[in-house]
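J.: Build me a structure from this.
(chains A and B)
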Amino acid sequence: NAGVTQTPKFQVLKTGQSMTLQCAQDMNHEYMSWYRQDPGMGLRLIHYSVGAGITDQGEVPNGYNVSRSTTEDFPLRLLSAAPSQTSVYFCASSWGAGTGELFFGEGSRLTVL
Amino acid sequence: SQQGEEDPQALSIQEGENATMNCSYKTSINNLQWYRQNSGRGLVHLILIRSNEREKHSGRLRVTLDTSKKSSSLLITASRAADTASYFCATVHRDNYGQNFVFGPGTRLSVLP
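T.: Down below sits the predicted model:
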């Protein structure tokens, strides 16, 4: 079982570059979300989606875009990378709108120079 | 912020001892969940306790919830070196789209052999 798959695992960008972090789940989960994890800050919600075509902002959405065209995929786009976006990014999914447990990917470590 | 706060930030114990971690939060919740994260990996769900429950057990884990004090505790009994990890509480709140998760900064547990 693949579960939640994130790519790439590591990425180095220069300031101003754009990129997309990919997230795919094979569990037919309605709910998908993106978090960033910084030392001492826990996980902070960037964007989430409760189903195909529906997205909403979390706690720290600035500088990021998302879309949900299919149930399986929830890509996170960095429009113009900044050093403050250096972080570890986690995608997570769940049945329904957060009514059960979250299943996490293994993370994508992003460094912006 | 609705963020939960774990206490202590770090805990070091000997193998065989019990480990207790606490979580406090600020607003009403639907449920509270505990997750574990091994170094460099994604988070893994441990246990969920609903707002109308006071105590729950799963193997060596015991979780309590006191909604009047807005706090929860996670007890790991007879700890093992393999329990070394960071532990996060996540409070699940209602929002416009249903429910959403808010994570605390975590407790880093070290179990010494």
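J.: next helix or strand past the helix or strand bottoming out on mean pLDDT in chain B?
T.: Across the helices and strands of chain B, mean pLDDT, DSSP states H and E gives its lowest value to strand B:98-103, namely a mean of 78. The helix or strand immediately downstream of strand B:98-103 is strand B:107-112, counting by DSSP states H and E.
J.: Put the alpha carbons of that next one into CSV.
T.: Provided in CSV are the C-alpha atoms of strand B:107-112 (Å, rounded to 0.1, in the frame of the first residue of the first chain):
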residue,chain,number,x,y,z
THR,B,107,7.6,16.8,23.1
ARG,B,108,11.0,15.2,22.2
LEU,B,109,11.3,11.9,24.1
SER,B,110,14.6,10.2,24.6
VAL,B,111,14.5,6.7,26.1
LEU,B,112,18.0,5.6,27.2
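J.: Centre of the chain to that strand, how far?
T.: 13 Å (C-alpha atoms, centre = their mean, to the nearest Å).
J.: How about stretch A:73-90?
T.: 8 Å.
J.: swap in stretch B:13-20?
T.: Put simply, stretch B:13-20 sits 16 Å off its chain's centre (C-alpha atoms, centre = their mean).
J.: could you list every residue that touches the spatially most central residue of chain A?
T.: Centroid-nearest residue in chain A, with C-alpha atoms, centre = their mean: A:Trp34, separated by 2.9 Å. By C-beta atoms under 8 Å, 6 or more residues apart in numbering or on different chains, the residues touching A:Trp34 are A:21, A:23, A:45-48, A:58, A:64, A:66, A:74, A:76, A:89-92. Glycine gets a C-beta too; all of them are placed from N, C-alpha and C.
J.: Now with 7 Å, please.
T.: Neighbour list for A:Trp34: A:46-47, A:66, A:76, A:89, A:91 [criterion: C-beta atoms under 7 Å, 6 or more residues apart in numbering or on different chains].
J.: how deep is the residue nearest to A:Gln11 when sequence neighbours are not counted tucked in, by neighbour count?
T.: Nearest-residue entry for A:Gln11: A:Leu110, 5.1 Å, with adjacent residues in sequence omitted and distances by C-beta to C-beta, 6 or more residues apart in numbering or on different chains. Residues lying near A:Leu110 (other C-beta atoms under 10 Å in any protein chain shown) number 20.
J.: Tell me how far A:Leu110 lies from A:Pro8.
T.: In this view, A:Leu110 and A:Pro8 are 9 Å apart by C-beta to C-beta, to the nearest Å.
J.: which other helices and strands contact the strand or helix carrying A:Val88?
T.: Secondary-structure assignment from DSSP H and E places A:Val88 in strand A:87-94. For strand A:87-94, the packing partners by 3 or more C-beta pairs under 7 Å, 6 or more residues apart in numbering or on different chains; DSSP states H and E come out as strand A:4-7, strand A:19-25, strand A:31-38, strand A:103-104, strand A:108-112.
J.: Just the CA trace of the longest one, in CSV.
T.: Right, strand A:31-38. Provided in CSV are the C-alpha atoms of strand A:31-38 (Å, rounded to 0.1, in the frame of the first residue of the first chain):
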residue,chain,number,x,y,z
TYR,A,31,-9.5,15.5,3.0
MET,A,32,-6.0,16.5,2.0
SER,A,33,-3.7,19.1,3.6
TRP,A,34,-0.3,20.6,3.5
TYR,A,35,1.8,21.5,6.6
ARG,A,36,5.2,23.0,7.1
GLN,A,37,7.3,22.0,10.0
ASP,A,38,9.9,24.4,11.4
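J.: quick one: it to strand A:19-25, angle?
T.: Here the directions of strand A:31-38 and strand A:19-25 differ by 130 degrees (axes from the mean of the first three to the mean of the last three C-alpha atoms, to 10 degrees).
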